[in-house]
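Colleague: Got a predicted structure here, sequence first:
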Amino acid sequence: MRASLFAAGLAVLGLLGCAALPPDVEDSTARPYSDAVAARFARPAVRYDTPAFAPGRRDYTSDAELAALLGRIAARPSAGVSVRRIVAGRSQQGVAIEALHFARTGAAPRPRVLLIGQQHGDEPAAAEALLVLAGELSGSPLLDRIEVLVLPRANPDGAAVGRRVAADASDINRDHLLLRTPEAQAIAALAREVSPAVVVDVHEHTVVGRYLEKFAAVQRHDLLLQYATTANLPAALTQASEDWFRRPLLDALTARGLTAEWYYTTPLAPAARHLAMGGVQPDTGRNVMGLRNAVSILLESRGVGIGRLHFTRRVHSQVVALRSILESAARHADDLRSLQAGADAEVRASACRGDAVVLASQTPERRVVRFLHPDTGADLPLDVDWRSSLTLRPLIVRARPCAYWLAADAGATVDRLRALGLTVRRLDTATPLVAEAYRETGRDSGERDDVRGSIVDAGGIVRVQVALESAAPFSAPAGSFVVPLDQPLANLALVALEPDTQNSYFAHCLLARLEQLRRVRAMPP
């Protein structure tokens, strides 16, 4: 794309000319660190006009205000731009989960970018930043190249009470494979409908809390970020995420005096003194969207645990990052078409061929991470145990089957797979297959874990150990199901159905018996 068009886009989006104002004190409560630390986070010279930024406002845009604002944006006349208001689903308490779809009127479909905010209700900067973006997209020349969908608040119930989890205490961002919550189902339905080429999941991260307790340090960076890092991703997706998106994003932040680092967290357990990048389990929005063959990026501004402190800067860091991602998507619009088509074709062609990683883990390393001293505000480099998600350690590897067979009474599993967007075929007649059965060699119960620790909302899971019987002829009864792996979303089927992982449908009792599942190694034409 011509440089002049991008300059025009930056002018429209208000990216030019940000100077610093005095330290931003936007909360009357006591700060969790010194004035010297606060001075590191000067308020940017920008003014945002979402409801949360009204004079004297101490809370954030409410669910009702958000819905009203989306309605006004959708109704605003804009020459040559279609703004479609979408109700993707409803929360557990019945609140609409809404998105706006921005596209050029009458134009052929363009690569779609899906922006998702506030899956965790106590991370308000995410929704405010996306409302800022939604308010300016109708006038953006970037729509000449891409379409944009903005879903500002995926967890309205949690946002209403400032709580991380949904109304039933589920962590929505650990539910994108199981789809137990209506909130995760709404996001999956939207992804099925629009097949985004790029997905951005917007969050906030803890600033003090366990970092202050474990390391006597305060988080330094305005933004932590990471793209999809799970097994079986097409390598081209990872390369594009790095080259087309992450590197320009870092440049955009640096140009505006903002700092960034890979996303990391530390376990909730006080004795666990290591840092871990975002996990490699195929359950978060970031990783599941990657397995949908999208460039999938996580953004986390500093914010959890500090109330309204530095709120303008937190929102601004997200806005700068999101604008950079949209600009990169527009610049690489033709590349994104090819990338997504190539990833789809690669996954389809992998059926019956080669190996697939059923289970992988992070790689332990040492790394120097910069924090801030809580008293002096000076940089505090710490040499820490680091769990990297950029290099995976395969733990279970199996030959990739041609398909999976499911028994006729596995309807709950079939419904979830279809909700993910997978094709599942019901057999009208008995069909000869060659298939491997699973044989249980051991089991116990346990909890589902991520890099923070146990996922408390998940409850107990079945941890089963299995061996594979030799492939043998098998007459699949009429009424049973086949999930072919020569389809673009086949890797989602693999992680859902291989039974001996903590995210599998068997571990969560959507499949009651191993006899309901087989690995198909040969199928009739």
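Modeller: Thanks, I have it. Residues are numbered from 1 along each chain as shown.
Colleague: How far does the longest strand anywhere in the chain sit from its chain's centre?
Modeller: Using DSSP state E, we find that the single longest strand of the chain is strand 379-399. When distances are taken as CA atoms, centre = their mean, to the nearest Å, strand 379-399 is centred 19 Å away from the chain's centroid.
Colleague: Give the next helix or strand downstream of that strand.
Modeller: Where DSSP states H and E defines the elements, the next helix or strand beyond strand 379-399 is strand 403-406.
Colleague: helices and strands around that following strand, which ones?
Modeller: For strand 403-406, the packing partners by 3 or more CB pairs under 8 Å, 6 or more residues apart in numbering; DSSP states H and E come out as strand 481-484, strand 517-522. For glycine as for every other residue, the C-beta is placed from the backbone atoms N, C-alpha and C.
Colleague: Please identify which of those is closest to Leu223.
Modeller: Between Leu223 and the helices and strands packed on strand 403-406, the shortest separation by CB to CB is 38.5 Å, and it involves strand 481-484.
Colleague: Sheet-wise, list the partners of the closest one with their directions.
Modeller: strand 403-406 (antiparallel), strand 425-426 (antiparallel) (DSSP bridges).
Colleague: contacting residues around the longest one?
Modeller: Among residues not part of strand 403-406, those counted as contacts by CB atoms under 8 Å, 6 or more residues apart in numbering are 351, 413-414, 424, 433, 435, 474, 476, 480-485, 493, 497, 511, 516-520, 523.
Colleague: Just the CA atoms of that strand, as CSV, please.
Modeller: Provided in CSV are the C-alpha atoms of strand 403-406 (Å, rounded to 0.1, in the frame of the first residue of the first chain):
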residue,chain,number,x,y,z
ALA,A,403,-10.6,-39.1,10.5
TYR,A,404,-12.2,-39.9,13.9
TRP,A,405,-15.1,-42.1,14.4
LEU,A,406,-17.7,-41.3,17.0
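Colleague: any idea how far it is from the chain center?
Modeller: So, by CA atoms, centre = their mean, the centroid of strand 403-406 is 28 Å from its chain's centroid.
Colleague: re earlier: is it possible to export the strands paired with strand 481-484 to TSV including distance to Glu365, mean pLDDT and mean neighbour count?
Modeller: As requested, the strands paired with strand 481-484 are exported to TSV (distance: least, CB to CB, whole Å; pLDDT from 0 to 100; neighbours: other CB atoms under 10 Å):
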stretch	distance to Glu365	mean pLDDT	mean neighbour count
strand 403-406	35	98	25
strand 425-426	44	98	12
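Colleague: among the ones you listed, which is nearest Arg366?
Modeller: Using CB to CB, these put strand 403-406 closest to Arg366, at 40.5 Å.
Colleague: right, and the helix or strand after that closest one?
Modeller: Next along the chain from strand 403-406, counting by DSSP H and E, comes helix 411-420.
Colleague: any idea whether Arg247 is helix, strand or coil?
Modeller: helix (DSSP: H, G, I helix; E, B strand; the rest coil).
Colleague: Quick check: the gap between it and Arg40.
Modeller: Arg247 sits 24 Å away from Arg40, going by CB to CB, to the nearest Å.
Colleague: Which one's more surrounded, those two?
Modeller: Using other CB atoms under 10 Å, the more surrounded residue of Arg247 and Arg40 is Arg40, with 17 against 12.
Colleague: In three-state terms, label the residue nearest to the more buried one when sequence neighbours are not counted for me.
Modeller: Excluding the flanking residues, the one nearest Arg40 by CB to CB, 6 or more residues apart in numbering is Gly377, at 5.5 Å. Under three-state DSSP, Gly377 falls in the coil class.
Colleague: Which pLDDT value belongs to Gly377?
Modeller: With respect to pLDDT, Gly377 scores 97.
Colleague: Report the contact partners of it.
Modeller: Gly377 neighbours (CB under 8 Å, 6+ apart): Tyr33, Ser34, Ala36, Val37, Ala38, Ala39, Arg40.
Colleague: Pipe those residues into CSV and attach secondary structure and distance to Gln92 per row.
Modeller: Below are the contacts of Gly377 laid out as CSV (DSSP: H, G, I helix; E, B strand; the rest coil; distance: CB to CB, whole Å):
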residue, secondary structure, distance to Gln92
Tyr33, coil, 36
Ser34, coil, 41
Ala36, helix, 43
Val37, helix, 38
Ala38, helix, 37
Ala39, coil, 42
Arg40, coil, 39
